[in-house]
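Engineer: I would like to see how this sequence folds:
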Amino acid sequence: MSTIYEIAKKAGVSPTTVSKVINNYPDVSEKTRSKIKKILNDENFYPNSQAQTLITKKTWTLGIVYYENLGFGLNHPFFANVIESFKRQADKYGYSLLFGSINNRLRNNTFLEYFKHKNVDGIAVICTADNDEEISEMIDSDFPIVLVDKYSNKTASVGSNHFEGSRIAVKYLHELGHTRIAHIPGSDDENNWPSSERKSGYKKAMEELGLKINARYIASSGNYDVKGGYNSMKELLSLERRPTAVFVASDKMAIGAIDAIKDAGLRVPEDISIIGFDDIELAQYVTPKLTTIKQDGELIGKTAIDLLVKEIDSKTKIAENVIVPVELIERESCKRIK
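Structural biologist: Take a look at the predicted model:
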């Protein structure tokens, strides 16, 4: 098989130009790119990773940290969607992914040290815990980092507009005639950015609509899972004057809330309207089909990789924060009342 230098000689270009074509750099004319690609195909040229690393000074590997303190792990459908989007976008840039977890770090090493040891070019961090020392170490470092579902003014980050999504949910319920609107938060931890933003959005919408916020209408945390949503809904159902509608901070919790309502001999939406957050695939298959606020996990994953590659290529830590819009998905779990 020909070397990169032989390919360059045949094409009448420098080895650097051949390298740029191999690694999909944009600053090569289409005419030159086509010419080089034809020669590469004719020669069955396949660059090995060591050659690519020597040429580009990169390992073409991105580290992925999934770090949460709520116990649901990668089983959550929304984050699974984000990670799948990571993979697709990384493939387009020519990067592979290396996953890191608490269990596979080097002994006594932090995530940052682990990934530096593995020579990754940058790290994407999916994070729900705002006050963790290891996350702070990565944020404060000069290493290319992008955060998902966490805001920072020190590094790049991508997240949904949780606050606005909550306002949309509450105002939608109000437009249907509801004034006794309750909320089931995702987490009791005020450092959990998505849950905090969603709760703040709920309170702001209630205030804007001139509706009194009943402290008992903000249930205990549902911990983003079905069981938590079930128990939180039971808490709301025990009230003497129960709500007519509930904004739930995740679809999985909303499914649990619907089960609790059914087990109490009541119906959704005839007795209580329910609206969730996420738009996981299951939301359209439960009975009744769940009205929810949709997060664009695919766009979040794509944007995160774009930002990370931008940092790597510019060799500069950037603090670009992207807030991805959300949208209301109307189905069957909310009802207009008089």
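Engineer: are we agreed that residue 66 is in a helix?
Structural biologist: No. Assessed with DSSP: H, G, I helix; E, B strand; the rest coil, residue 66 is strand; it does not lie in a helix.
Engineer: give me the number of residues near it?
Structural biologist: Residue 66 is flanked by 20 other residues according to other Cβ atoms under 10 Å. Backbone N, C-alpha and C define where each C-beta goes, glycine included.
Engineer: so how far is residue 297 from it?
Structural biologist: Taking Cβ to Cβ, to the nearest Å as the measure, residue 66 falls 14 Å from residue 297.
Engineer: anything in contact with each of these two?
Structural biologist: Here residue 66 and residue 297 share the contacting residues residue 79, scored by Cβ atoms under 8 Å, 6 or more residues apart in numbering.
Engineer: what about stretch 82-99, distance to the chain center?
Structural biologist: 14 Å (Cα atoms, centre = their mean, to the nearest Å).
Engineer: contact partners for the closest residue to residue 298 other than its chain neighbours?
Structural biologist: Nearest non-adjacent residue to residue 298, counting by Cβ to Cβ, 6 or more residues apart in numbering: residue 85, 4.5 Å away. Taking Cβ under 8 Å, 6+ apart, we find residue 85 in contact with 297-302, 305.
Engineer: adding secondary structure, neighbour count and distance to residue 276, write those residues out as JSON lines.
Structural biologist: What follows is these, written out as JSON lines (DSSP: H, G, I helix; E, B strand; the rest coil; neighbours: other Cβ atoms under 10 Å; distance: Cβ to Cβ, whole Å):
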{"residue": "297", "secondary structure": "helix", "neighbour count": "23", "distance to residue 276": "15"}
{"residue": "298", "secondary structure": "helix", "neighbour count": "15", "distance to residue 276": "19"}
{"residue": "299", "secondary structure": "helix", "neighbour count": "16", "distance to residue 276": "19"}
{"residue": "300", "secondary structure": "helix", "neighbour count": "23", "distance to residue 276": "18"}
{"residue": "301", "secondary structure": "helix", "neighbour count": "25", "distance to residue 276": "21"}
{"residue": "302", "secondary structure": "helix", "neighbour count": "20", "distance to residue 276": "24"}
{"residue": "305", "secondary structure": "helix", "neighbour count": "25", "distance to residue 276": "27"}
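Engineer: circling back: I'd assumed the residue nearest to residue 298 was in a strand, is it?
Structural biologist: No. Looking at residue 85 with three-state DSSP, it is helix, so not inside a strand.
Engineer: compute the distance between it and residue 286, please.
Structural biologist: Here the criterion is Cβ to Cβ. By it, residue 85 lies 24 Å from residue 286.
Engineer: which residues of the stretch 201-338 of the chain fall in strands?
Structural biologist: Here the stretch 201-338 of the chain has its strands, by DSSP state E, counting those that start in this stretch, at 245-248, 273-278, 291-294, 321-324, 327-329.
Engineer: the longest one: partners in the sheet, and parallel or antiparallel?
Structural biologist: Just to be clear, that refers to strand 273-278. Strand 273-278 sits in its sheet next to strand 245-248 (parallel), strand 291-294 (parallel), going by DSSP bridges.
Engineer: spatially nearest residue to residue 190, not counting backbone neighbours?
Structural biologist: Closest to residue 190 by Cβ to Cβ, 6+ apart is residue 196, at 5.6 Å.
Engineer: ok, that neighbour to residue 162 distance?
Structural biologist: For residue 196, the distance to residue 162 (Cβ to Cβ) stands at 8 Å.
Engineer: just residue 202 next, same as before
Structural biologist: Separation of residue 202 from residue 162 (Cβ to Cβ): 10 Å.
Engineer: and for residue 89?
Structural biologist: According to Cβ to Cβ, residue 89 stands 22 Å off from residue 162.
Engineer: neighbour count for those two, which is higher?
Structural biologist: Neighbours were counted for residue 89 and for residue 162 using other Cβ under 10 Å; residue 162 has more, 26 against 19.
Engineer: quick one: residues contacting the residue nearest to that one when sequence neighbours are not counted.
Structural biologist: Spatially, and ignoring its direct neighbours in sequence, residue 162 is nearest to residue 197 (3.6 Å; Cβ to Cβ, 6+ apart). Going by Cβ under 8 Å, 6+ apart, residue 197 touches 162-163, 166.
Engineer: residue 236: which of the residues you listed is nearest?
Structural biologist: Ranked by distance to residue 236 (Cβ to Cβ), the contacts of residue 197 are led by residue 166 at 17.2 Å.
Engineer: I'm done for today, thanks for sticking with me.
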